[in-house]
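*Asks:* structure, please.
(2 chains)
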Amino acid sequence: MSDLDAFRAEVRGWLEANCPAEMREPVREEGDVCWGGRNWVFKNDAQKQWLEACAAKGYTVPDWPKPYGGAGLTPEQTKIFKQEMKRIHARSPLDSFGIWMLGPALLQFGTEEQKVEYLNPIARGEIRWCQGYSEPGSGSDLVSLQTFGEDKGDHWVVNGSKIWTSYADQADWIFCLVRTDKTNKYQGITFMLFDMASKGVTTKPILLISGNSPFCETFFDDVEVPKTQFIGEVNRGWDVAKYLLGHEREMISGGGAGGDMVSIGGAFAKAFGKNAAGELDDPILRAEMAAFDVDVFAYRAMGERFMDMWKTGRAHPASSNMMKYVGTELNKRRHELVMSGGGSEALEWDSEETKGGARARGWLRTKANSIEGGTSEVMLNVIAKRILDLPGA
Amino acid sequence: MPLYHNDDQAMLKDSVAPFVAEQAPVSHLRKLRDSADATGFSRDLWAQFTEMGLPGMLVPEAHGGLGMGHMEAGIVLEEIGRNLTLSPFLSTGVGAVAALAKAGGTQAGRWLPAIASGEAIIALAIDEGAKHRPDRIATTATRAGNGFRLDGKKSFVLHGHVADMSIVAAKTDGGITLFAVPKDAKGVTADPRRLVDSSLASHVTLDGVEVDADAVIGEVDAGGDILDALLAATRTGAAAEMVGVGQGAMDMTVTYLKERKQFGKLIGEFQGLQHRAAHLYGEMEVARATVMKAQQLLDEGNEGAKLMVSVAKAKAGRAANLAVREGVQMHGGIGMTDEYDIGLYMKRDRALAEYMGDVHYHIDLVARMNGY
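*Replies:* Numbering: from 1, shown residues only, chains lettered A, B, ... in the order given. You can find the predicted model right below:
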C-alpha cells in the first residue's frame, strides 16, 4: 500500500468515526452551514461536535500548517481528504471568509506572530471575519476607493463606508482596504484588520431582489485602528488585495462555481417524472438541460484540472479569472433552467411547499454570481490582457 | 492521477509537435488538395509517422506496439488537428486498434502487428446514412457455408478506398458482429468522395461479400462491446483532434487581432473583440480539460468513461466550432479567401464534428445516460 493509500484509509476511518450522521445530510437551509464566530448559535449538537472534532484534527483547514491550526496536508493528501469527505457526503465543518480569504493572505504576507494570532481562531471557528473591499463609488474600479485612515502616530483614524460586506452584521472582525495615501492610487492603500466591535463601526443590511440580506453597508466613523493591525506593508495593501482577489476567484472556481455538479436533467426527471418513452416530456427543455449537463460535466473536469495545476504552480496566474467567469455564468444558466422546469410553482415566493420560495430566491441570488468578486466583464478584460496579451486592454 | 501531462507525456509532445509542424503543416494539406491526390493522405508522411512509432502507440507491446494510452494518442491528435494534417492515424492507430485489442484472437494477431509496423491502413465502416446511428445498423451478415455473407451500404468511411482492411459492423442473428473485411474481398466497392475539408471518405457497398468464419473480430453476436470500444476511442480521438483544430484557429486569430489595424488602432484593442476572444479562450480550456478527462478515464478502464467521452465529443465540438466561426469572422474579408488558412480550419472542424456523432447526438446520449 502506498503512503497515499494508507492516508486515504486513515482519513476514511477517521471520518467514519467522527462525522455525525446529521452532518452527512445535504445542506437544506442557511443554518445548516456553520460559519462560527463569537455569536454563532449551533443548530444542533451534531454541528458543534463536527466542528470541534475537525478543529482538533486540523481538518477545518486541512492544507494549512499545523502551528496555525491546520493538518499540514500536502496537495495530494488534501485532494484525497476532499474526495473522502465527498464520498460520505460530509458537510463542510466550517465555512468562513477567514478560511477562504484572510487565511491565504496571512499565509502569504503575514508575520509569524500574525499567523499564530489570527489563523488559529479562524481554524477553530472562534472568530468570524468579513471583507471590506467595495465602496458605493468603487465597484469594478476598486482601486478608486476613498475610505481614509488618517495617521495619528500609533494608530489610524478611519472614516468612510464599505458596501457589499457579506454578513458584516454577524462578523467579529473585518479585513479592510483603507486609503492611507491620497497622492498614490495603487501604492496608497493599506490592508487593515480590526474588530467590528470597535467604536464607530455600524452596519446596515441591504435588502436584495431575492428578499434576503446577505450583504451590508458598513460605516466607519472615526474608528481607531492600532498601527500594528495591517498585513504586508503600509501603502502596499493593493498587492495583498490583488492576491486575495485571485484567491477568491480560485475559491469560487474550486468550490464549484457551476453550482451543484449533478445532472440537472436527471434531478428534474426524478422530481417530475418522465413520459412513456422514458424521457422528459418537454423535448426542448430536455435538450436544453442536456446541453447544460454537457457544460456542467465539462466544467467539472476543468475544475479538477485547474486545481491540479494551480496547486502545483502549473496554472496561468490569471486562469482563476477564467474559472470564475465560466463557472458563474454556468450557475446562472442552471437556475434559469430550474425556474423553467418548475413552472408556476417555482414562482411562489413564500409558500410552505416551496420552502419560502427557495427556487425563486435562489435564482435571483445567482444573478450576483457574475457581479461579486469581479464582474464577468472584468474577468474577460483580465483574460484578454493577461492571458491573451491583447493590446491596450 | 492529476489532470495534466506528466513528464513523459510532455516529452512526447515536445517531439511530436515540431515533427508534425515541420513535416505536415497546412501547406502539406494544400499540396494534397491541389494535386487532386487520390489516396487521401501522404504515404511518405505515414512512413515518417511509422519511424516515430506513432501508428503502434496504442498497440499492446505483445503485438509489437508501444502500449501507450489515449492520453498519449491525444497528444498526437491535437498536433494533427492544429496542422490540419491528413492521415489515417485516427481510424487506424486509434479506432481500429481499440477494437482489435479489445477483441483479441485471430484478427488481433493478424492486424495489430501490421498496424504497428505501418504496413496496414484500416478503415472503420460503421455509419450507413448521412448521420451517425450505430444503434440502427442495417448491414446484415448471414451464415453461408463456412463463414458469412455481408450485404449493406456503409458511408463516411475514411480511407475506405485504400484501406488494407475494413472493420465492418453488421447485424447477426443475436446481435452485432464486427468483421475484418480485407481489401480484395469480392463484392466490396468503395466509392471515394472528396469532402469539404479535402479528405476522402467512401461510400462502401457490400454486395454478397463472402468472408471466412475467422474474419469475425471477437465473437459472433458479441460485437457490441467491441464496437463500443471502437467508438469510445475514435470519438475521444476526434475530440482531441478538434481541440487541436480549435486551438490552431484561436491562436491564428489572436495573432491577427494583434496585427490588423483599422480606425488607426489594432483591432485587438477593441473590447467588443477582446471579450469574444476571452470567452473563446475559456471554452477552449474547458474543452481541453474535458477531453483529457475522457482520455484518463478510458486509460483507467473507468466505467464513467462512456459518459465523459460523449461529454468530450460534444464540448470539443461546441468549442472548436466557436473557434473557427469567430476565427473567420474576426479575420473579416481575408477570412473568406481560399488563400488564407483560417477557412481550412473551419472546413476540418465541420468534418470532425460530424465524425462518430455530432454535438446533438452526444448531447442526447448524455441525457440518456443520466436517465432522461
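
*Asks:* number of nearby residues for residue B:325?
*Replies:* Residue B:325 has 14 neighbours, counted by other C-beta atoms under 10 Å in any protein chain shown. No exception for glycine: its C-beta is placed from N, CA and C like everyone else's.

*Asks:* residue A:20 now?
*Replies:* 17.

*Asks:* and stretch A:273-283, what's its mean pLDDT?
*Replies:* The average pLDDT within stretch A:273-283 is 92.

*Asks:* that stretch near chain B at all?
*Replies:* Yes - using C-beta under 8 Å from any C-beta of the partner chain, stretch A:273-283 reaches chain B at A:274, A:278, A:279, A:280.

*Asks:* isn't there a strand covering the last one?
*Replies:* Spelled out, it's residue A:280. No - applying DSSP: H, G, I helix; E, B strand; the rest coil, one finds residue A:280 to be coil, outside a strand.

*Asks:* for it, give me its contacts.
*Replies:* Residue A:280 makes contact with A:265, A:268, A:269, A:272, A:274, A:286, A:289, B:367, B:372 under the criterion C-beta atoms under 8 Å, 6 or more residues apart in numbering or on different chains.

*Asks:* for the stretch 201-350 of chain B, just list every one of the helices.
*Replies:* B:223-257, B:271-300, B:305-331, B:342-354 (DSSP state H, counting those that start in this stretch).

*Asks:* quick check: buried residues in the first one?
*Replies:* Of the residues in helix B:223-257, those with enough neighbours to count as buried (16 or more other C-beta atoms under 10 Å in any protein chain shown) are B:223-224, B:226-250, B:252-254, B:256-257.

*Asks:* and for the last one?
*Replies:* Burial within helix B:342-354, assessed by neighbour count using 16+ other C-beta under 10 Å, is assigned to B:342-354.

*Asks:* okay, now the unreliable bits of the stretch 251-393 of chain A?
*Replies:* Within the stretch 251-393 of chain A, the segments meeting pLDDT under 70 span A:251-260, A:393.

*Asks:* what about the helices in it?
*Replies:* Ranges of helices within the stretch 251-393 of chain A are A:264-272, A:283-311, A:319-342, A:358-366, A:376-382, based on DSSP H, counting those that start in this stretch.

*Asks:* which among the contacts of residue A:280 count as buried?
*Replies:* So, by 16+ other C-beta under 10 Å, the buried ones in the contacts of residue A:280 are A:265, A:268, A:269, A:286, A:289, B:367, B:372.

*Asks:* residue A:34: which of those is nearest?
*Replies:* Residue A:34 lies nearest to residue A:268 out of the buried ones among the contacts of residue A:280, by C-beta to C-beta, at 29.8 Å.

*Asks:* can you pull the contacts of the closest residue to that closest one other than its chain neighbours?
*Replies:* Nearest non-adjacent residue to residue A:268, counting by C-beta to C-beta, 6 or more residues apart in numbering or on different chains: residue A:341, 4.9 Å away. By C-beta under 8 Å, 6+ apart, the contact list for residue A:341 reads A:264, A:268, A:272, A:285, A:289.

*Asks:* contacts only, for the closest residue to chain B within the stretch 101-250 of chain A.
*Replies:* The minimum distance from the stretch 101-250 of chain A to chain B, using C-beta to the nearest C-beta, falls at residue A:249 (12.6 Å). Contacts for residue A:249 (C-beta under 8 Å, 6+ apart) come out as A:320, A:321, A:323, A:324, A:373, A:374, A:379.

*Asks:* and it, how far from residue A:133?
*Replies:* The gap separating residue A:249 from residue A:133 is 13 Å, by C-beta to C-beta, to the nearest Å.

*Asks:* before we move on, what about residue A:10?
*Replies:* 39 Å.

*Asks:* repeat that for residue A:113.
*Replies:* In terms of C-beta to C-beta, residue A:113 sits 25 Å off from residue A:133.

*Asks:* wait, residue A:109 sits on residue A:241?
*Replies:* No - under the criterion of C-beta atoms under 8 Å, residue A:109 is not in contact with residue A:241, lying 10.6 Å apart.

*Asks:* picking that back up, most neighbours among the contacts of residue A:249, which one?
*Replies:* Neighbour count (other C-beta under 10 Å) singles out residue A:324 as the most crowded of those, with 30 neighbours.

*Asks:* what about residue 36, neighbour count?
*Replies:* You didn't say which chain, so I picked chain A. 26.

*Asks:* let me rephrase: I mean chain B.
*Replies:* If you count neighbours by other C-beta under 10 Å, residue B:36 ends up with 8.

*Asks:* look up how far residue B:343 lies from it.
*Replies:* Counting by C-beta to C-beta, the gap from residue B:36 to residue B:343 is 19 Å.

*Asks:* mind showing which ranges of the stretch 51-200 of chain B have poor pLDDT?
*Replies:* Using pLDDT under 70, the stretch 51-200 of chain B has no residue that qualifies.

*Asks:* can you give me the helices for it?
*Replies:* B:70-82, B:97-103, B:105-116.

*Asks:* thinking again about what came up before, residue A:113 and residue A:133: which has the busier surroundings?
*Replies:* residue A:133 (22 against 9).

*Asks:* how close does the more buried one get to residue A:86?
*Replies:* Separation of residue A:133 from residue A:86 (C-beta to C-beta) stands at 31 Å.

*Asks:* ditto for residue A:215
*Replies:* Distance from residue A:215 to residue A:86, by C-beta to C-beta: 29 Å.

*Asks:* which of these two has more neighbours?
*Replies:* A side-by-side neighbour count of residue A:215 and residue A:86, using other C-beta under 10 Å, places residue A:215 first with 21 against 9.

*Asks:* the helices of the stretch 51-200 of chain B: which one's closest to chain A?
*Replies:* Here helix B:70-82 is closest among these (C-beta to the nearest C-beta), at 12.4 Å.

*Asks:* helices or strands next to the closest one in the packing?
*Replies:* For helix B:70-82, the elements it packs on are helix B:7-23, helix B:223-257, helix B:271-300, judged by 3 or more C-beta pairs under 8 Å, 6 or more residues apart in numbering or on different chains; DSSP states H and E.

*Asks:* hmm, the last one touching chain A?
*Replies:* Yes - counting by C-beta under 8 Å from any C-beta, contacts between helix B:271-300 and chain A involve B:271, B:274-275, B:277-279, B:281-283, B:285-290, B:292-293.

*Asks:* list only buried entries from the residues you listed.
*Replies:* Those of the residues of helix B:271-300 next to chain A that meet the buried threshold are B:274-275, B:277-279, B:281-283, B:285-290, B:292-293, by 16+ other C-beta under 10 Å.

*Asks:* for residue B:6, what are phi and psi?
*Replies:* phi -80, psi -180 (degrees, to the nearest 10).

*Asks:* report the contact partners of it.
*Replies:* By C-beta under 8 Å, 6+ apart, no residues touch residue B:6.

*Asks:* pick the one among the contacts of residue A:280 closest to residue B:64.
*Replies:* Among the contacts of residue A:280, and counting by C-beta to C-beta, the member closest to residue B:64 is residue B:367, at 41.4 Å.

*Asks:* which SSE is the closest one in?
*Replies:* For residue B:367, the element it lies in under DSSP states H and E is helix B:359-369.

*Asks:* packing partners for that helix?
*Replies:* Other helices and strands packing on helix B:359-369, by 3+ C-beta pairs under 8 Å, 6+ apart, are helix A:283-311, helix B:305-331.
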